[in-house]
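**Q** Give the three-dimensional model of this entry:
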Amino acid sequence: MITAMSSEFFPSFTNVIIPANDNVQLFARIRGIDPGDRNKPILVLIHGYPQSSWEFRFAPQYLPPDLPLFIPDLPGYGESTKSVPTTETSAYSKHAIGRDILDGLAKCLGLVAGGGGPKQKVILCGHDRGARIIQRIAFDFEDYPLFDILGIVLGDIVPITVQFQSFANPVHAAATYHWSLLAAPYPIPETMIEKYGGPEWVGNCLTGWGGTSEKGRANFLGPTGVEVFKQHFIKPSVIAASCADYRAAAHIDAQLEAKDHEEGKRIKFQTLVVYSKKYLGSRYDVTAVWREYMSYKERLTTCGIEEVGHFCFEEDPMPCYVAITDWMREVLRLDM
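**A** Prediction:
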């Protein structure tokens, strides 16, 4: 079923599995990538929890047809695997997963450190956990000498430390209970979700965090949406990797982000934040929050999407991808 739908939603794509960083088998959907043309930017799309690369199934319909795309499953999620035990929390930090993904892209392109030639131009776009990985890459960009990062797109997030600080509000804490639950010591959340049923858990999460508009729910629910993500969580390995992801957020990522902020480390790249006005925007002044994390406030662009929940790239994909395309043309000055 998924294979047939892949052809419908991802025309002209190739599915690949790339060995990355010795312990990862990275599944990715790729389109239009030419290893010989490093000057043509590649848009990397990184999904969130509890999803997979399938989250970006509407991207080909709305993005420029000649734009090269690299859309992986996060290591441990979907069809990607990571052989490091999930009890080794540092291996599932945003820094580590970012390295896994960009190592996979480098191998896909045949890029080798010290191999000479120009850097590969990339634009990094992520939603939810994927956006947090991209934020980490933006802080650690010097660790990626093979890539020239032109800009980043962050989908429906605030920084991790801001998210945790908001838990002082009981209503916010209750609404985002999964942050604490999934970060609980191994194997408490893994066992609870397996006993409850991985697909049932995913169904509850996705329907609860999505919006209420009829159009959005039609796009998001059903056999081409939520049902696909449910299938991935049949696998205990996916449940375990996703819990390790949240455990790393609490024990590693938040502390590192706080340290960086205290030391004055900021995002230097052109940044677009796409967010739901009714979901994230109802809790935070998104523009004001992200200005505090920018080296140059004029490099920040924000775009609030009306009448959607957390899954804006699926509930109402057109304005999201139009915003990204316009930003690439007008701010990054790309010819497409």
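**Q** Touching the helix or strand encompassing His172 from outside, list them.
**A** Element membership of His172, judged by DSSP states H and E, is helix 170-175. With contacts defined as Cβ atoms under 8 Å, 6 or more residues apart in numbering, helix 170-175 is touched by Ser166, Phe167, Ser180, Arg283. Glycine gets a C-beta too; all of them are placed from N, C-alpha and C.
**Q** Which members of the residues you listed define the maximum pairwise distance?
**A** Spanning the widest gap among the contacts of helix 170-175 are Ser180 and Arg283, at 16.7 Å by Cβ to Cβ.
**Q** Now do the strands in this protein.
**A** 14-20, 24-31, 42-46, 69-72, 81-82, 120-127, 147-155, 270-276, 300-305 (DSSP state E).
**Q** pLDDT averaged over the fourth one - what is it?
**A** Along strand 69-72, the predicted local confidence has a mean pLDDT of 98.
**Q** Sheet partners, orientation included, of it?
**A** If you go by DSSP bridges, strand 69-72 pairs up with strand 24-31 (antiparallel), strand 42-46 (parallel).
**Q** For that strand, list the C-alpha coordinates in PDB.
**A** The C-alpha trace of strand 69-72 is given here as PDB (Å, rounded to 0.1, in the frame of the first residue of the first chain):
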ATOM      1  CA  LEU A  69      15.100  17.200  -2.500                       C
ATOM      2  CA  PHE A  70      16.600  14.900   0.100                       C
ATOM      3  CA  ILE A  71      14.000  13.600   2.600                       C
ATOM      4  CA  PRO A  72      15.200  11.100   5.100                       C
END
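**Q** chain center to that strand: distance?
**A** Centre-to-centre, strand 69-72 and its host chain are 11 Å apart (Cα atoms, centre = their mean, to the nearest Å).
**Q** could you dump the strands of the chain to JSON lines with distance to Ala175 and mean neighbour count?
**A** What follows is these, written out as JSON lines (distance: least, Cβ to Cβ, whole Å; neighbours: other Cβ atoms under 10 Å):
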{"stretch": "strand 14-20", "distance to Ala175": "35", "mean neighbour count": "16"}
{"stretch": "strand 24-31", "distance to Ala175": "31", "mean neighbour count": "23"}
{"stretch": "strand 42-46", "distance to Ala175": "24", "mean neighbour count": "26"}
{"stretch": "strand 69-72", "distance to Ala175": "29", "mean neighbour count": "26"}
{"stretch": "strand 81-82", "distance to Ala175": "30", "mean neighbour count": "22"}
{"stretch": "strand 120-127", "distance to Ala175": "18", "mean neighbour count": "25"}
{"stretch": "strand 147-155", "distance to Ala175": "19", "mean neighbour count": "23"}
{"stretch": "strand 270-276", "distance to Ala175": "14", "mean neighbour count": "25"}
{"stretch": "strand 300-305", "distance to Ala175": "19", "mean neighbour count": "20"}
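**Q** Adding distance to Pro199, write those strands out as JSON lines.
**A** What follows is the strands of the chain, written out as JSON lines (distance: least, Cβ to Cβ, whole Å):
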{"stretch": "strand 14-20", "distance to Pro199": "23"}
{"stretch": "strand 24-31", "distance to Pro199": "20"}
{"stretch": "strand 42-46", "distance to Pro199": "23"}
{"stretch": "strand 69-72", "distance to Pro199": "22"}
{"stretch": "strand 81-82", "distance to Pro199": "19"}
{"stretch": "strand 120-127", "distance to Pro199": "21"}
{"stretch": "strand 147-155", "distance to Pro199": "24"}
{"stretch": "strand 270-276", "distance to Pro199": "25"}
{"stretch": "strand 300-305", "distance to Pro199": "28"}
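**Q** wait, which of these is closest to Phe233?
**A** Nearest to Phe233, of all the strands of the chain, is strand 81-82, at 14.7 Å by Cβ to Cβ.
**Q** Who are the contact partners of Leu102?
**A** Leu102 neighbours (Cβ under 8 Å, 6+ apart): Ile137, Tyr144, Leu146, Phe147.
**Q** Could you report the pLDDT at the last one?
**A** Predicted confidence (pLDDT) at Phe147: the value is 97.
**Q** likewise the one 3 residues further on?
**A** According to the prediction, Leu150 has pLDDT 98.
**Q** Also Met336?
**A** Note for Met336: predicted pLDDT of 83.
**Q** could you check the distance from the closest residue to it other than its chain neighbours over to Ala173?
**A** Once flanking residues are discounted, Met336 sits nearest to Pro64: 4.4 Å by Cβ to Cβ, 6 or more residues apart in numbering. Pro64 sits 41 Å away from Ala173, taking Cβ to Cβ, to the nearest Å as the criterion.
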